[in-house]
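Visitor: attaching a predicted model along with its sequence, questions to come.
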Amino acid sequence: MNPLSCPDVEELGPELALGTLPGDQRSAVLAHLDRCPDCRRYLNKLSDTADSLLLLAPEVDPPAGFTRRVVAGLTPGRRRWRPVVLAAVAALIFGLAVGYVPGHVGSGSANVAAASFVDTGADPGETVGGRVYARADNPSWVFMTVHGSGSDESYVCDLVLKDGRTVPIGSFTMHAGAGSWGRAVNVTLSQVRQVQLRDAKGDVVAKAALTPS
Amino acid sequence: MLTFDIPSPDPGPAEAAVVADTARGVRGAVALLPIDQRRALVLAAFYGRTAKEIADMEGIPLGTAKTRIRAGMIKLRGLLDQGSVSP
């Protein structure tokens, strides 16, 4: 795909922010963002708007799963990015669970998986960490909080399936080195072996092996 | 059994009020969008539908689906800014 212009990115930006832009176009937009600060600012605004929509997620498709207490602990020591809204988004997305042990994911949530991101060392200048949660439902949901040493990095999130296939599910942009993102996915979560994040160059910078609770 | 790094407390009443207010603002802004744009945004944001899939589902040209998504996002951004709602 040819390099994109700013008007091209203006056109495609909303779909990138929503995480629905097809892979080839997504890569082209991310490559443009890597060299265009104006478009990065534009996309940050769109990402904020897309994030705001998550506040309404339960009204559209209320999933159940985690407790407010558990979700509030998603960003230990990294509460730089709109902590109140972050906790609210997470709590609203995953709802209130029953039967949890404080400090642990609910023992009654057999269809919930969680894992920490492990930095792969692919980018020596960036350390990426965070937590990812997945709930098998109809549709299933994946939600994550991510922190890194960069400021406004954009990442593509993939699900790596047990049969070896890699399924991109969307992308998001960090704000001041931290952020959260989530979406419904059309994938059977029991078939997911790993969640991974790729940077604008396509390198896998962090991965998390999902483990059912 | 999975452990978390810190036992974070529930949000307090003040935080809960801010959250409720923010969600109310977003909900109000979304309600002001034209129905076709609102539907396109919901299909994309919550159901992960691409513009092509939305076009197929709605029986509209791909360009129209893209326009609805883009117009909806830009209008929503403007409404949130006007209402001083922090997403």
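Guide: Received it, and whenever you're ready, just let me know what you need.
Visitor: helices of chain B, residue ranges please.
Guide: B:13-31, B:35-47, B:51-58, B:62-82 (DSSP state H).
Visitor: just want the angle from the shortest one to helix B:35-47.
Guide: Just to be clear, that refers to helix B:51-58. When axes from the mean of the first three to the mean of the last three C-alpha atoms, to 10 degrees is applied, the directions of helix B:51-58 and helix B:35-47 differ by 120 degrees.
Visitor: need the residues that contact helix B:51-58.
Guide: A:15, A:20, A:22, B:36, B:39-40, B:43-44, B:49, B:60-62, B:64-66, B:68-69 (C-beta atoms under 8 Å, 6 or more residues apart in numbering or on different chains). Glycine gets a C-beta too; all of them are placed from N, C-alpha and C.
Visitor: mind running it again at 7 Å?
Guide: Under the criterion C-beta atoms under 7 Å, 6 or more residues apart in numbering or on different chains, residues A:15, A:20, B:40, B:43-44, B:49, B:61-62, B:64-66, B:69 lie in contact with helix B:51-58.
Visitor: any buried residues in it, and which?
Guide: Within helix B:51-58, the residues that qualify as buried are B:51, B:54-55, B:58, counting by 16 or more other C-beta atoms under 10 Å in any protein chain shown.
Visitor: hmm, back to that, which of the contacts of helix B:51-58 are buried?
Guide: Buried residues within the contacts of helix B:51-58, defined by neighbour count using 16+ other C-beta under 10 Å: A:15, A:20, B:40, B:43-44, B:49, B:64-66, B:69.
Visitor: helices of chain A, residue ranges please.
Guide: Counting by DSSP H, the helices of chain A are A:6-18, A:23-35, A:37-54, A:57-60, A:68-72, A:83-94.
Visitor: now for A:T166, how many residues are close by?
Guide: Neighbour count of A:T166, defined by other C-beta atoms under 10 Å in any protein chain shown: 12.
Visitor: once you drop chain neighbours, what's closest to it?
Guide: A:D158 (4.9 Å; C-beta to C-beta, 6 or more residues apart in numbering or on different chains).
Visitor: list the contacts for that neighbour?
Guide: A:166-169, A:196, A:198.
Visitor: redo those residues as CSV? Include pLDDT and distance to A:R40.
Guide: Converted to CSV, those look like this (pLDDT from 0 to 100; distance: C-beta to C-beta, whole Å):
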residue, pLDDT, distance to A:R40
A:T166, 91, 26
A:V167, 89, 26
A:P168, 89, 21
A:I169, 88, 22
A:Q196, 94, 23
A:R198, 93, 17
